[in-house]
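Asks: What shape does this take:
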Amino acid sequence: MKAEQFYSKNQIVITDDDGSRYLQSYNSMIAKIDAQGNVTLDEKFWDYSVTTGTYRNRFLGDSGKAVTQGKIDSGEYKLDNLNK
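Replies: Predicted coordinates:
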C-alpha cells in the first residue's frame with residue numbers, strides 16, 4: 001500500500017496492493033478506482049463540498065459535478081459506503 005499527497009495536504013491518494021486507487025479527503029474516502037478502471041464513489045461524501053468536488057474531479061478526470069452526476073445516473077459510476 002502506498003499513500004501520496006494529492007494537490008493539498010488534506011487530500012491523499014492511496015494505492016492498494018491490488019492496484020485499486022482511493023481518494024481520501026481529510027478523514028473520508030471519497031472515490032475508488034479499481035484495477036479494472038471501475039469507479040465507486042462514497043454515497044455520502046462524493047459531493048461533500050466544493051473543495052471535495054474539485055479534487056474528486058481531478059482524481060476522476062471529470063470536468064465538473066454535472067459530468068460526475070451524469071455518470072452516476074447512467075450507472076457508469078457506482079455509489080457505495082467507502083467509509084465502513
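
Asks: okay, now L23: neighbour count?
Replies: Using other Cβ atoms under 10 Å, L23 has 25 neighbouring residues. For the C-beta atoms, the positions are set from N, CA and C on the backbone; glycine is no exception.

Asks: pLDDT of the longest strand seen in the chain, averaged?
Replies: Determined from DSSP state E, the single longest strand within the chain is strand 8-15. Mean pLDDT, strand 8-15: 93.

Asks: do the same with stretch 47-59
Replies: 95.

Asks: Over to stretch 74-84?
Replies: On average, stretch 74-84 scores 97.

Asks: and if you look at stretch 21-34?
Replies: The average pLDDT for stretch 21-34 rounds to 96.

Asks: buried set for it?
Replies: Using 16 or more other Cβ atoms under 10 Å as the test for burial, stretch 21-34 gives 21-25, 29-33.

Asks: on that earlier part again, downstream of the longest strand of the chain, the next helix or strand is which one?
Replies: Next helix or strand after strand 8-15 toward the C-terminus (DSSP states H and E): strand 21-25.

Asks: In terms of secondary structure, what does the following helix or strand past that next one contact?
Replies: Sequence-wise, the next helix or strand downstream of strand 21-25 (DSSP H and E) is strand 28-33. The helices and strands touching strand 28-33, judged by 3 or more Cβ pairs under 8 Å, 6 or more residues apart in numbering; DSSP states H and E, are strand 21-25, strand 39-42, helix 50-60.

Asks: Please name the bridge partners of the residue nearest in space to the middle of the chain.
Replies: The residue lying closest to the centre of the chain (Cα atoms, centre = their mean) is A31, at 2.1 Å. Beta bridges link A31 to L23, L41, judged by DSSP bridges.
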